[in-house]
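**Student:** requesting a structural model of the entry that follows:
(one chain, ligands or ions: 1)
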Amino acid sequence: MPTAATRPRLRVDRRRLHVDLRRQASALCRRPRPVQTSGMSKERHMSLGSTTITTDPAVPRHGTLTDTARLLAANSRDWLARVRLSAEGRWYERLHRDEDREIWLISWLPGQGTGLHDHGGSRGAFAVALGELEERDLDATRTLVTGESRSFGADYIHEVRNASAAPAISVHVYSPPLAAMNRYDLTPSGLVKVDAEEAGQW
Ligand SMILES: [Fe+2]
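**Tutor:** Just a heads-up that it's a prediction; the model follows:
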């Protein structure tokens, strides 16, 4: 998902955005957490007096990519403190990587998007943790709201953007870990590859 897409400059009302984000972050914290006690790889938090320090998120060892994306999206306390917003473009941070999978957390301000891209041969899934995202593939456009997810195969090409008026957050899982990504334009004569990126460029 992470790409170095060219993005239009955004005009952001920072004071209103701050208020909106606080309200939505508060809603995330109030959301009941699903009970999940088996198959977790790491301790979630360390308590230090009244302070809670976020450690590596609890990544299930088993289950589908969609299961993992949905579980992590629902367990916002594992990653909420890491989230940042950037008016310059989507903010993203890798939450986890092993030989089999790679997991990214992404925040999207209104209007921010990826452009059409593939995943270099990796399969993947993503889940909306906050707000809503619009996903367009070569056949259809759909809106995903908080709690919803999509999965895709190795040849999938799509575009994801925040078409709403509020910030959004999502969790993305890829297997094998992303090694490359190609970017495309959809022209009247068809799909045209316009750029290629390799891991390390994002
Ligand atoms: Fe993607």
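**Student:** how close does residue 105 sit to residue 158?
**Tutor:** 19 Å (C-beta to C-beta, to the nearest Å). (Each C-beta comes from the backbone N, C-alpha and C, glycine too.)
**Student:** more neighbours, these two?
**Tutor:** Higher neighbour count among residue 105 and residue 158: residue 105, with 24 against 21, using other C-beta atoms under 10 Å.
**Student:** wouldn't the more buried one be in contact with residue 80 here?
**Tutor:** No. Contact criterion C-beta atoms under 8 Å: residue 105 and residue 80 do not qualify, at 9.6 Å.
**Student:** surely residue 175 and residue 97 touch.
**Tutor:** No. The pair residue 175 / residue 97 is not scored as a contact, 10.8 Å apart, by C-beta under 8 Å.
**Student:** neighbour count winner among the two?
**Tutor:** residue 175 (20 against 14).
**Student:** show me the beta-bridge partners of the more buried one.
**Tutor:** Counting by DSSP bridges, residue 175 forms beta bridges with residue 123.
**Student:** list the contacts for it?
**Tutor:** Contacts of residue 175 were listed using C-beta atoms under 8 Å, 6 or more residues apart in numbering, and they are 65, 100-102, 122-124.
**Student:** determine which two of those are furthest apart.
**Tutor:** Spatial extent of the contacts of residue 175 (C-beta to C-beta) is set by the pair 100 and 124 at 12.6 Å.
**Student:** which one of those two is surrounded by more residues?
**Tutor:** Ranked by neighbour count (other C-beta under 10 Å), residue 100 and residue 124 place residue 124 first, with 24 against 11.
**Student:** go ahead and confirm the more buried one touches residue 155.
**Tutor:** No. Counting by C-beta under 8 Å, residue 155 is not a contact partner of residue 124; they are 11.4 Å apart.
**Student:** point out where the chain drops to low pLDDT.
**Tutor:** 1-56 (pLDDT under 70).
**Student:** ok, which stretches of it are strands?
**Tutor:** 45-48, 51-54, 91-97, 102-108, 116-117, 123-130, 132-137, 141-145, 149-152, 158-161, 168-175, 180-187, 190-198 (DSSP state E).
**Student:** just the ones you listed: most buried one?
**Tutor:** Most buried of those, by mean neighbour count (mean count of other C-beta atoms under 10 Å): strand 168-175, with a mean of 26.
**Student:** just how off-centre is that one within its chain?
**Tutor:** 3 Å (C-alpha atoms, centre = their mean, to the nearest Å).
**Student:** with stretch 167-174 instead?
**Tutor:** With C-alpha atoms, centre = their mean as the basis, stretch 167-174 stands 2 Å off its chain's centre.
**Student:** what's next to that stretch, contact-wise?
**Tutor:** 1, 17, 20-21, 24, 65-66, 68-69, 72-73, 79, 83, 85, 95, 101-110, 119, 122-133, 160, 162.
**Student:** how near is the residue nearest to residue 124 when sequence neighbours are not counted to residue 143?
**Tutor:** Using C-beta to C-beta, 6 or more residues apart in numbering and skipping residues adjacent in sequence, the residue nearest residue 124 is residue 174, 4.5 Å away. According to C-beta to C-beta, residue 174 stands 22 Å off from residue 143.
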